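Engineer: the following comprises the amino acid sequence and a computationally predicted model.
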Amino acid sequence: MSKRCYYEVLGVARNTQDDELKKSFRRLAMKYHPDRCPDDPAAQDKFKEAKEAYEILADAQKRAAYDQHGHAAFEHGMGGRGGAGFNGDVGDIFGDIFSDIFGGRGGARGRTQRGSDLRYLIELDLEEAVFGVEKEIEVPTLVECGTCTGSGSSDGKTSTCSTCRGQGRVRMQNGIFSIQQACPHCAGSGKVIANPCKECRGEGRVNDERTLQVKIPAGVDNGDRIRLTGQGEAGPPGTVPGDLYVEVRVREHAIFQRDGDDLHCELPLRFAQAALGAELRVPTLEGETEIKIPPETQNGRQFRLRGKGVKSVRSGRTGDLHCRVAIETPVRLTAEQRELLQQFEATFSGEGAAAHSPRNTSWIDGVKRFWERVTS
């Protein structure tokens, strides 16, 4: 089977530059690498094809030969320097790929070391989340050693790391794969401490508990995070600390349920209030307000109070309060109340009773139609 054009394999133009060539191969290698597609022979073939194309086009001499003679340049030794052998910087690319897979960005080379980020879960009442609050929190973490001021050295003296020879990185080679990583001996700094600090044992960090004041903005909701730059774990000597992410959890409220910027609550009514209408005082997060219940209000009806919800922390829009009617059946009736209800119920007999119960009438009609279909 004839080989595809190397430029077509990598999805680049013939005049593409080295950086774009490398970027295209890196994208394909990430997608089709055997470690990522162990059970997909087609993906592995595509990986081999892309690797072969890059090995040729990444080498200036081989690329020139390919541009002039095509695949024939490497079928009879015309390519020079061992034909289509391994000569490009594929190893560096695989170092980038594997460092991405395992959480790095570009390997040890050029990577800024820093302390670890921390996550702190803070619980708030609904009112605190809606209106904002300032909270004091205590965070157990690694902090800069006070004795050596974070240097890890008792006398400030360092020497060149013998493992990486001051480079801060080492290369691991396995066949065609070449992976760069931070030197395990000096943690990427290129220096080692001659006389470690006794307090932190050369780490430059000690375990401690830090007390912080956190300002919670108004309108936050479950899952929102507040980033405190530089308040995370202290890094190795000579590096910056990580960040602290304060994640919000809002406790359940006795009256209100939150849905985005809207609030919902139940509005209990006696059936006489629902039938005759009423004016009620209902709670909001900013205090009580009056709501007018029209006569013949049915169970489940919702009343919306505009602007009585939550002001969004992002858009600044204020949501609404939705009050859902819940008609209560009276309990613990006195003899007089029971007698009055019986008299009241007796008024629903006769031909005109259906007019007072529209939902009940429609339900009965639905049941009749159902049984007619079943028995026909």
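Structural biologist: Thanks, I have the structure now.
Engineer: residues of the strand or helix carrying Glu49 that come out buried?
Structural biologist: Counting by DSSP states H and E, the element that carries Glu49 is helix 41-57. Residues of helix 41-57 classed as buried by neighbour count (16 or more other Cβ atoms under 10 Å): 43, 46-47, 49-51, 53-57. (Each C-beta comes from the backbone N, C-alpha and C, glycine too.)
Engineer: distance of Glu336 from Leu57?
Structural biologist: From Glu336 over to Leu57 the distance is 98 Å, taken as Cβ to Cβ, to the nearest Å.
Engineer: can I get stretch 217-226 as PDB, trimmed to CA atoms?
Structural biologist: Output of stretch 217-226 as PDB, limited to C-alpha atoms (Å, rounded to 0.1, in the frame of the first residue of the first chain):
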ATOM      1  CA  PRO A 217     -19.000  38.400  48.700                       C
ATOM      2  CA  ALA A 218     -22.800  38.700  48.700                       C
ATOM      3  CA  GLY A 219     -24.700  36.200  46.400                       C
ATOM      4  CA  VAL A 220     -22.400  33.200  46.600                       C
ATOM      5  CA  ASP A 221     -23.900  29.800  46.200                       C
ATOM      6  CA  ASN A 222     -23.000  26.100  46.700                       C
ATOM      7  CA  GLY A 223     -19.800  25.200  44.900                       C
ATOM      8  CA  ASP A 224     -18.600  28.800  44.500                       C
ATOM      9  CA  ARG A 225     -14.800  29.100  45.200                       C
ATOM     10  CA  ILE A 226     -12.900  32.100  46.600                       C
END
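Engineer: distance between that stretch and the chain's centre?
Structural biologist: 14 Å (Cα atoms, centre = their mean, to the nearest Å).
Engineer: count of neighbours near Ile137?
Structural biologist: Neighbour count for Ile137, taken as other Cβ atoms under 10 Å: 15.
Engineer: what is the neighbour count of Pro330?
Structural biologist: Pro330 - counted by other Cβ under 10 Å - has 11 other residues nearby.
Engineer: likewise for Cys148?
Structural biologist: 24.
Engineer: now do Val220
Structural biologist: Once other Cβ under 10 Å is used to define contacts, Val220 is seen to have 24 neighbours.
Engineer: isn't it up against Val248?
Structural biologist: Yes - look at Val220 against Val248 with Cβ atoms under 8 Å: they come within range, at 5.0 Å.
Engineer: any common contacting residues for these two?
Structural biologist: Contact criterion Cβ atoms under 8 Å, 6 or more residues apart in numbering; residues shared by Val220 and Val248: 124, 129, 226.
Engineer: so which of those are in strands?
Structural biologist: Using DSSP state E, 124, 226 are the members of the shared contacts of Val220 and Val248 that sit in strands.
Engineer: now render the shared contacts of Val220 and Val248 as CSV, adding distance to Asp320 and neighbour count.
Structural biologist: As requested, these are exported to CSV (distance: Cβ to Cβ, whole Å; neighbours: other Cβ atoms under 10 Å):
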residue, distance to Asp320, neighbour count
Leu124, 22, 19
Ala129, 17, 26
Ile226, 26, 16
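Engineer: go through the shared contacts of Val220 and Val248 and name the one nearest Lys62.
Structural biologist: Among these, Ile226 lies closest to Lys62 (Cβ to Cβ), at 53.8 Å.
Engineer: so who does that closest one touch?
Structural biologist: Here Ile226 is in contact with 214, 216-217, 220, 245-246, 248 (Cβ under 8 Å, 6+ apart).
Engineer: ok, those vs Pro184, which is closest?
Structural biologist: Closest to Pro184, out of all of these and judged by Cβ to Cβ, is Tyr245, at 28.2 Å.
Engineer: bridging residues for that closest one?
Structural biologist: Arg119, Arg227 (DSSP bridges).
Engineer: could you check how far it is from Val139?
Structural biologist: Tyr245 is 11 Å from Val139, by Cβ to Cβ.
Engineer: so what sits against both of the two?
Structural biologist: Counting by Cβ under 8 Å, 6+ apart, the residues touching both Tyr245 and Val139 are 118, 120.
Engineer: which strands and helices sit next to the helix holding Glu49?
Structural biologist: Packing contacts for helix 41-57, counted by 3 or more Cβ pairs under 8 Å, 6 or more residues apart in numbering; DSSP states H and E, involve helix 6-10, helix 18-32, helix 60-69, helix 90-101.
Engineer: how near is Thr375 to Leu28?
Structural biologist: Thr375 is 68 Å from Leu28, by Cβ to Cβ.
Engineer: who has more neighbours out of those two?
Structural biologist: Legend: neighbour count by other Cβ under 10 Å for Thr375 and Leu28, higher for Leu28 (19 against 6).
Engineer: alpha carbons of stretch 158-166, in PDB - could you do that?
Structural biologist: What follows is stretch 158-166, C-alpha atoms only, in PDB (Å, rounded to 0.1, in the frame of the first residue of the first chain):
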ATOM      1  CA  THR A 158      24.300  26.100  49.200                       C
ATOM      2  CA  SER A 159      26.300  24.100  46.700                       C
ATOM      3  CA  THR A 160      25.700  22.800  43.200                       C
ATOM      4  CA  CYS A 161      23.600  19.600  42.900                       C
ATOM      5  CA  SER A 162      25.900  16.800  41.800                       C
ATOM      6  CA  THR A 163      23.000  14.800  40.300                       C
ATOM      7  CA  CYS A 164      21.900  17.400  37.800                       C
ATOM      8  CA  ARG A 165      25.100  19.500  37.900                       C
ATOM      9  CA  GLY A 166      23.100  22.600  38.600                       C
END
